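**Q** Compute the structure for the input listed below.
(chains A, B and C)
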Amino acid sequence: MYIFKRILTMILTIWVITTLTFIIMHSIPGDPFASDADVLPEEVLENMRAKFNLDEPLPVQYVLYLKNLVQFDLGPSIQSETRDVNTLISDGFPASAILGLQSLVIALVFGLLLGIIAALNHNGMLDYAAMAFAILGISIPSFILAPLLINYFAVKWGMFPVASWGTWQHTILPSVALATAPLAIVARFMRSSMLDVMNQNYIKTADAKGLAITGIVIKHGVRNALIPVISFIGPLAAFLLTGTFVIEKIFAIPGIGKYFVDSIFNRDFPVILGTTIFFSTILIVTLFLVDISYRIVDPRIKLTSRGE
Amino acid sequence: MSRLLDVNDLRVSFKTYGGEVKAVRGVDFHIQQGEVLAIVGESGCGKSVTAQSIMGLLPKKVSRIKSGSVTFNGKELLGLSKKQMQKLKGSEIGLISQDPMTSLNPTMRIGSQIAETIKKHTNYSRSKIHDRTIELLDLVGIPNPEKRYRQYPHELSGGMRQRVLIAMALSCEPKLLIADEPTTALDVTIQAQILDLLKDIQVRLGTSIMIITHDLGVVAEVAQRVAVMYAGVIVESGDVEEIFETPKHPYTWGLLKSVPRYEKGKHEKERLVPIEGSPPDLFAPPAGCPFAARCDYAMEICIDQMPDPIKTSETHQARCWLNDTRAPNANDFVAAGGNDV
Amino acid sequence: MAEPKKDDVLFRPVDRSRFQQEKIVRPSMSQWKETTVKILRNKLAILGLGLLVIITILAIIGPHLVPFNYSDQNLSGKNLPPGPEHWFGTDSLGRDMWARTWYGARISLTIGLAAAVIDLILGLIVGGISGYMAGRGKFGDKVDGFLMRIVEILYGIPYLLVVILLLVVMKPGLWTIIIALSITGWVGMARIVRGQILQLKEQEYVAAAEKLGTPHRKIIMRHLFPNMIGIIIVNLTFTIPQAIFAESFLSFIGLGVQAPIASWGTMANDALGVILTGQWWRLFFPGFMISLTMFAFNVFGDGLQDALDPQSKE
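**A** The predicted model follows:
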């Protein structure tokens, strides 16, 4: 019942986004071909408008767009003659997905480790060092960090390629640049969650059982501290996703983020619309999966109810 | 009977922003084999801290055991290494902690939480650990143990959780069970059940029990001997009859008068008398008797000098100047148990 | 037994007044005083606050300290490294980086503050109504449910995408960015306010005040608001840098304030092409300022949060 309700909300959200985006896109005065009006003959323009259904009244265009959308057809691109929005997305998705997932893994693995280490050394040197790193990580935006990484690791020390995409070496610098801030946030989050859990009575119970410290930390501490952190993976994914816009731009990676930013400058509305819907859907589905896994990991919350 | 646990001059302090809080200020007591000792006192008097320092459970960063000795089964505990202590905890000394609602790991099944202890201290096979866990659940009166084994703490009532905690503490047949306010968080009827269970364990398994409580009803129910604690010191100790019948310390008198008593054939309502005031701040404990400021019988000497324990029988002693022969009408006061003379 | 000496002075009943003077050893503090004391003890938080004050002052007076305007071009003196004349160097159009950096600080701080204030007002209104109406009969629950549905849907929308879309269709500029950021930004504040109110409503003293017939306005002003102000302030110290970050992010991908207006994000974006040519100052100053501001807000916010947490008594 809960899952059903959630899926319904998801679909509703996607529909709201689609409608909103559609209205915003079409509230711009004039049409996308206005700049071409002087150079192209009137018939060509008419044909173009017909191709993009721009000659129909707005409600009809809307219904047509939704109809295509339900069939997972995001329509043609204005800029690119040969590639429609679907092709653009499927071309760009692999690079973006690798970049995003790799960053997510880096952020989670190292963030959690750092948070746990800091918490176990509460008010010790390691704690201060980890938190100093975390504060720096949060303070330096990825678009400042990325050029710095390129300057040192690629240009000066030649350890990695400067930009572009291809081998796994190409993925390291962008992934690190993208992962640093979320890593820092995860570390802080995990630290405070861990400190909270280690003060709980059940940790004292475990201690009174005579268990070794490592066992207590892993079995009783980390497991419980992870639960609130899981709920943070949703916003984290959103963070990474928008981060890919700049990272892909800086490193010249042929991903969806780059197409998205390009389409903004080219005012390529079908592409903007399509990528927005695509991004939103990915995010919403991620939020949904996170929510579900949260409920599975924490036995106190039942999947059947909202449980709050 | 030999002494299982012997605590001598135990002093524990906590570091805080403001300075040092002396939570336990020289505590002496012992527990005989197979005996139930109750430590009574209001919250903040240091009774839980005493229990936790015996088991080495105090947070190491903020607390310090300043002095004293804790001898368990002929072995000094305070100097033991972490490893040696871990061997002892859960196997020879079991702890039943204060709050059953928060003392179980919420994301772990009941069975595994009990089995964990057995696994740590024995080299039983998997199936034997399982069987022992079921046996324990059965022993503490949990119906349907096979089903409960697979449940999570939130699926159990408070009383059931307390039983699980008791099963956990009993899992390796410890010689000593420390029960820190085992019934405080429970309903009255459940309280009685849990106390019966503890008594039953003591009789059947011969386990010594140190029960920490603020509830004199609990004391009367289970204890053989009582130690009354106030502001980090034991002010009076003795057999349970001695404490209830002939208390020798004004604080004990106050405690007794502040709980309702039902006596057969006595119809007029007895008025409950609260103890006015509050315990001293252990941040700067008074030099003299800590109870003096609240004591109706306080004398000049009480302000500056803490009395040593004064024995009034082989088993009974109190730290109060009223028991000193120099005190005026001391014998009358003490004999009257603080009731108006 | 020795013969009791009944007239021993020490054993006379004590003079009660002797107990009065040593009653209170640890003075109790009001919450505000305690918070202030805790903040002042937290060196990092004080450092953050100090940095914020300095940045603000420089944003106000900084551009006037040099004889250059942020938009003055001087093609004969372009790409100069920092020196006695141009303290932060110049950019590829010969514009003074010092003037631009502090002018950019004005833009960034304005956007951060304005967006945060709008978020706060909208969040207080929506979250307040929602939280207050919840549990007040059928109609109340309906209002709460309706508002929360909106919030839920908006929360599911990746906010930067919406902001980007809005910026694509609206005329670029300072207020466009502020509005775009606020349209989605209030949702978080609304959720917090609602959660707080629901929690406070459970408290006995609020229930008591309501049973006694205290007017709603008074309950809100006396009980709800004072108890929420802490968490709201803490939240502000995190939303302001978020807005500043978002602005620089948007400026960086080319959707922020338009030339010749400077902001830290646009300056960093301008510098991207020349980072490999050794003109380090082009990226360093705007990048450093963004990071420093983020840092200052974050440590100050952390300190404030710790100070307001009654559990961190130690």
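
**Q** ok now the lowest-mean-pLDDT helix or strand in chain A, how far from the chain's centre?
**A** Sorting the helices and strands of chain A by mean pLDDT, DSSP states H and E puts helix A:42-51 at the bottom, at a mean of 74. In terms of Cα atoms, centre = their mean, to the nearest Å, the centre of helix A:42-51 is set 37 Å apart from its chain centre.

**Q** helices and strands around the helix or strand just after that helix, which ones?
**A** Using DSSP states H and E, the next helix or strand after helix A:42-51 towards the C-terminus is helix A:58-70. In terms of contacts (3 or more Cβ pairs under 8 Å, 6 or more residues apart in numbering or on different chains; DSSP states H and E), helix A:58-70 is packed against helix A:2-26. Every C-beta, even on glycine, is put in place using the N, C-alpha and C of the backbone.

**Q** if we can go back for a sec, return the alpha-carbon coordinates of the least confident helix or strand of chain A using PDB.
**A** Presented in PDB, the C-alpha positions along helix A:42-51 are these (Å, rounded to 0.1, in the frame of the first residue of the first chain):
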ATOM      1  CA  GLU A  42       9.000  31.300 -45.100                       C
ATOM      2  CA  GLU A  43       8.100  27.800 -46.300                       C
ATOM      3  CA  VAL A  44      11.100  26.300 -44.700                       C
ATOM      4  CA  LEU A  45      10.200  28.000 -41.400                       C
ATOM      5  CA  GLU A  46       6.600  26.700 -41.700                       C
ATOM      6  CA  ASN A  47       8.000  23.200 -42.300                       C
ATOM      7  CA  MET A  48      10.200  23.500 -39.300                       C
ATOM      8  CA  ARG A  49       7.400  24.700 -37.100                       C
ATOM      9  CA  ALA A  50       5.200  21.800 -38.300                       C
ATOM     10  CA  LYS A  51       8.000  19.300 -37.500                       C
END
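
**Q** Now do the buried residues in the lengthiest helix in chain A.
**A** Among the segments of chain A that qualify as a helix by DSSP state H, the longest is helix A:85-120. Residues of helix A:85-120 classed as buried: A:85-86, A:88-89, A:92-93, A:95-96, A:98-100, A:102-104, A:106-108, A:110-112, A:114-120 (neighbour count, 16 or more other Cβ atoms under 10 Å in any protein chain shown).

**Q** next one: stretch B:286-299
**A** Buried residues in stretch B:286-299, counted by 16+ other Cβ under 10 Å: B:286, B:288-295, B:297-299.

**Q** cool, and stretch B:24-36?
**A** Applying 16+ other Cβ under 10 Å to stretch B:24-36 flags B:24-31, B:34-36 as buried.

**Q** got it, and stretch C:223-237?
**A** C:223-224, C:227-228, C:230, C:232, C:234-237.

**Q** List the ones among these that fall in helices.
**A** Those of the buried residues of stretch C:223-237 lying in helices (DSSP H): C:227-228, C:230, C:232, C:234-237.

**Q** and which of the residues you listed is nearest chain B?
**A** Among these, residue C:230 lies closest to chain B (Cβ to the nearest Cβ), at 20.3 Å.

**Q** Quick check: closest non-adjacent residue to the closest one.
**A** Among residues not flanking residue C:230 along the chain, residue C:308 sits closest, at 4.1 Å (Cβ to Cβ, 6 or more residues apart in numbering or on different chains).

**Q** What's the separation between that neighbour and residue C:40?
**A** Applying Cβ to Cβ, to the nearest Å, the value for residue C:308 to residue C:40 is 14 Å.

**Q** the more surrounded of these two?
**A** Under the criterion of other Cβ atoms under 10 Å in any protein chain shown, the comparison of residue C:308 against residue C:40 puts residue C:308 first, with 19 against 13.

**Q** Report the contact partners of that one.
**A** If a contact means Cβ atoms under 8 Å, 6 or more residues apart in numbering or on different chains, then residue C:308 has C:35, C:230-231, C:233-234 as its contacts.

**Q** can you do 7 Å?
**A** Residues in contact with residue C:308 (Cβ atoms under 7 Å, 6 or more residues apart in numbering or on different chains) are C:35, C:230, C:234.

**Q** Can you give me the pLDDT of it?
**A** Predicted confidence (pLDDT) for residue C:308: 74.

**Q** List of residues touching stretch A:210-228?
**A** Residues contacting stretch A:210-228 (Cβ under 7 Å, 6+ apart): A:116, A:120, A:190, A:193-194, A:197-198, A:202-203, A:206-207, A:297-298, B:86-91, B:105-107, B:116, B:120-121.

**Q** ok, the closest residue to chain B within the stretch 51-200 of chain C to chain A distance?
**A** Proximity of the stretch 51-200 of chain C to chain B (Cβ to the nearest Cβ) peaks at residue C:199, 19.7 Å away. For residue C:199, the distance to chain A equals 12 Å [Cβ to the nearest Cβ, to the nearest Å].

**Q** What is the neighbour count of residue 12?
**A** Looking at chain A here, since you left the chain open. 14.

**Q** I was thinking of chain B, sorry if that wasn't clear
**A** Residues lying near residue B:12 (other Cβ under 10 Å) number 23.

**Q** secondary structure element for residue 133?
**A** Just going to use chain A. Residue A:133 is part of helix A:125-139, with elements assigned from DSSP H and E.

**Q** Correction: the question concerned chain B.
**A** Judged by DSSP H and E, residue B:133 forms part of helix B:126-139.
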